[in-house]
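Engineer: Pasting the sequence and the predicted coordinates here, then a few questions.
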Amino acid sequence: MDAYGHVNNVTQLRLLEEARVRALGSPTHSTDAPTTPGHLGISGTVSGVTIPAIFADASTTTELLVASHAIEYRRPIPYRAGPIAIDLVISEVKPASVTIGYVIAEPDGSVAYTLAETVIVFVDRTNSRPRRLSQEETAAMSDVIRPAVPMRSRR
């Protein structure tokens, strides 16, 4: 909570990170608690969409580096005892990066509080340099690309 009684903006960024890690996998999967769902901590589906195995398959040789965040706070999130929903989509796949969009909202979708995007870069662990996605990885991602979240900055 911030001084105004709302969920702090930094806390919201942490919620986005948690949603991303649950969707794409944990970089610390080998030391995570055994209750972490899925192979390498990766959920089987996100918003009903099956996540391609490229994130899990690449995790032994590749790190996922956050290259940028864009966040638009539409409404303050008031204190609550109940859950909040975070919808996550993969909206763009480029040769060496993936753009992930998020909406923090009421679980029933009635109020959208925050919209955000994160660009993730694939980095080769051996040389610490960005690497291009293979043709197979790009093809696997093509089936899960969804429309980008409606950020005001795109208008």
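Structural biologist: Ah, there it is.
Engineer: Could you report the neighbour count for residue 104?
Structural biologist: 24 (other Cβ atoms under 10 Å). The way it works is simple: take the backbone N, C-alpha and C, and place the C-beta from them, glycine included.
Engineer: Quickly note the distance from it to residue 73.
Structural biologist: Going from residue 104 to residue 73 by Cβ to Cβ, to the nearest Å gives 9 Å.
Engineer: same thing with residue 135?
Structural biologist: Separation of residue 135 from residue 73 (Cβ to Cβ) stands at 38 Å.
Engineer: Equivalent analysis for residue 128, please.
Structural biologist: Residue 128 is 33 Å from residue 73, where distance means Cβ to Cβ.
Engineer: per-residue confidence for residue 153?
Structural biologist: As predicted, residue 153 sits at a pLDDT of 80.
Engineer: Over to it. Which of the three states is it?
Structural biologist: Under DSSP: H, G, I helix; E, B strand; the rest coil, residue 153 falls in the helix class.
Engineer: Would you confirm that it contacts residue 70?
Structural biologist: Yes. Look at residue 153 against residue 70 with Cβ atoms under 8 Å: they come within range, at 6.5 Å.
Engineer: next one: phi and psi at the residue nearest to residue 5 when sequence neighbours are not counted?
Structural biologist: Nearest residue to residue 5, sequence neighbours excluded (Cβ to Cβ, 6 or more residues apart in numbering): residue 79, at 6.2 Å. When read as degrees, to the nearest 10, the backbone of residue 79 gives phi -60, psi 140.
Engineer: Count the neighbours of residue 79 for me.
Structural biologist: Each residue near residue 79 was counted by other Cβ under 10 Å, and the total is 8.
Engineer: So for it, what's the pLDDT?
Structural biologist: Residue 79 carries a pLDDT value of 81.
Engineer: That one and residue 8: what is the separation?
Structural biologist: Counting by Cβ to Cβ, the gap from residue 79 to residue 8 is 11 Å.
Engineer: on that earlier part again, between residue 128 and residue 73, who's got more neighbours?
Structural biologist: A direct count of neighbours by other Cβ under 10 Å for residue 128 and residue 73 places residue 73 higher, at 15 against 9.
Engineer: Enumerate every residue touching the nearest residue to that one once chain neighbours are set aside.
Structural biologist: Sequence neighbours aside, residue 114 is the residue nearest to residue 73 in space, at 5.4 Å (criterion: Cβ to Cβ, 6+ apart). Taking Cβ atoms under 8 Å, 6 or more residues apart in numbering, we find residue 114 in contact with 12, 71-74, 77, 102-104.
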